[in-house]
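Student: What follows is a predicted protein model with its sequence.
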Amino acid sequence: MTETAEPLVSGARAAGLVISTAESCTGGMISAAITDIPGSSAVFDRGFVTYSNAAKQAMLGVRGETLDTHGAVSEEVAAEMAAGALARSEADLAVAVTGIAGPGGSEFKPEGRVCFGLARRGAETRTETVEFGALGRDRVRAATRDHALALLLGALGAPRT
């Protein structure tokens, strides 16, 4: 369990917000960290593990054109994943992650690159890319989980628009 998950659950409860996740490279680790916390059922609706491109399309509505143009590891896909998780859940806030945990990667998409999407009802979807570096698969995945939880925690206080 990470240090961020407990304040996230209590903060979401205090804010009256429900969370959803859309995960690729973490394979459910973000959802697991949240649901490790007692009482998380009050603030966690569901998690989508969409490891394949077909799953991203079928479960989250990621467009084939977006995947073809930008690739699965892109802010564009992360944004569509987050928006899809929000649209297909009872959540107010959704985080999405897609990246290359390793081993491997390429010159254009190196190991340790992870794209994040953060969607909140009534607000514009935000994205960012973090280059964790070639830390090894386990450490990239753990760093991705922790960063996603921190993004969610930071979004709890975001004003509703």
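Tutor: Good, I have the coordinates. Numbering: from 1, shown residues only.

Student: Tell me the backbone dihedrals of the most centrally placed residue in the chain, please.
Tutor: Nearest residue to the geometric centre of the chain (CA atoms, centre = their mean): residue 96, 2.3 Å. Dihedral pair for residue 96: phi -130, psi 150, per degrees, to the nearest 10.

Student: just checking, it touches residue 117?
Tutor: Yes - judged on CB atoms under 8 Å, residue 96 makes contact with residue 117 at a distance of 3.9 Å. All C-beta atoms are positioned from the backbone trio N, CA, C, and that covers glycine.

Student: Identify the contacts common to those two.
Tutor: 22, 78-79, 81-82 (CB atoms under 8 Å, 6 or more residues apart in numbering).

Student: What's the first helix or strand after the helix or strand containing residue 56?
Tutor: For residue 56, the element it lies in under DSSP states H and E is helix 53-60. Per DSSP H and E, the first helix or strand lying C-terminal to helix 53-60 is helix 64-70.

Student: how about the CA coordinates for the helix or strand following that next one, as CSV?
Tutor: Using DSSP H and E, the helix or strand that follows helix 64-70 towards the C-terminus is helix 75-87. Extracted C-alpha coordinates of helix 75-87, given in CSV (Å, rounded to 0.1, in the frame of the first residue of the first chain):
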residue,chain,number,x,y,z
GLU,A,75,-1.2,11.7,-24.1
GLU,A,76,-4.0,11.5,-26.7
VAL,A,77,-4.8,7.9,-25.8
ALA,A,78,-4.4,8.6,-22.1
ALA,A,79,-6.9,11.5,-22.5
GLU,A,80,-9.4,9.2,-24.3
MET,A,81,-8.9,6.5,-21.7
ALA,A,82,-9.6,8.9,-18.8
ALA,A,83,-12.6,10.4,-20.5
GLY,A,84,-13.9,6.9,-21.4
ALA,A,85,-13.6,5.7,-17.8
LEU,A,86,-15.5,8.8,-16.6
ALA,A,87,-18.2,8.3,-19.2
